[in-house]
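In: Pasting the sequence and the predicted model now:
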Amino acid sequence: MAKRIRWLEHARQNLIERDIKEGDVLRTVSEPEQNIPSSHNRRILMRFYHDDILQQRMLLRVVIEETVGEIIIITLYKTSRSERYFKGTK
């Protein structure tokens, strides 16, 4: 059974302010290309995607907390500076 996904309001606001599609976030959560531990029992999930607005390849970073029953999306952002974050940049 798949875990429920819960969005913090801050993460929902990031979708609007940063012109990120919800589907790109959900794909990053379900199929990350990298999954690294972070502080406070959080994980950073990363995946490359093509940004239709900027017309370029971007790296999407999604910070989550995971419990037994749910995945909580804390924050998210996109960057073109993948070499800074993604180990073994593609």
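Out: Perfect, thanks for sending it.

In: N14 contacts Y77, correct?
Out: Yes. N14 is within contact range of Y77, at 6.5 Å (criterion: Cβ atoms under 8 Å). Placement of C-beta: from N, CA and C, glycine included.

In: in the sheet, who's paired with the most centrally placed residue in the chain?
Out: In the chain, the centroid-proximal residue (Cα atoms, centre = their mean) is V62; its distance is 2.2 Å. Beta-bridge pairing for V62 (DSSP bridges): L45, L76.

In: related to what we said a few turns ago, quick one: which of N14 and Y77 has more around it?
Out: Counted by other Cβ atoms under 10 Å, N14 and Y77 do not tie: N14 has more neighbours, with 21 against 15.

In: packing partners for the strand or helix carrying that one?
Out: Per DSSP states H and E, N14 falls inside helix 9-17. Judged by 3 or more Cβ pairs under 8 Å, 6 or more residues apart in numbering; DSSP states H and E, helix 9-17 is in contact with strand 70-79.

In: just the angle between the strand it packs on and helix 9-17, please?
Out: 40 degrees (axes from the mean of the first three to the mean of the last three Cα atoms, to 10 degrees).
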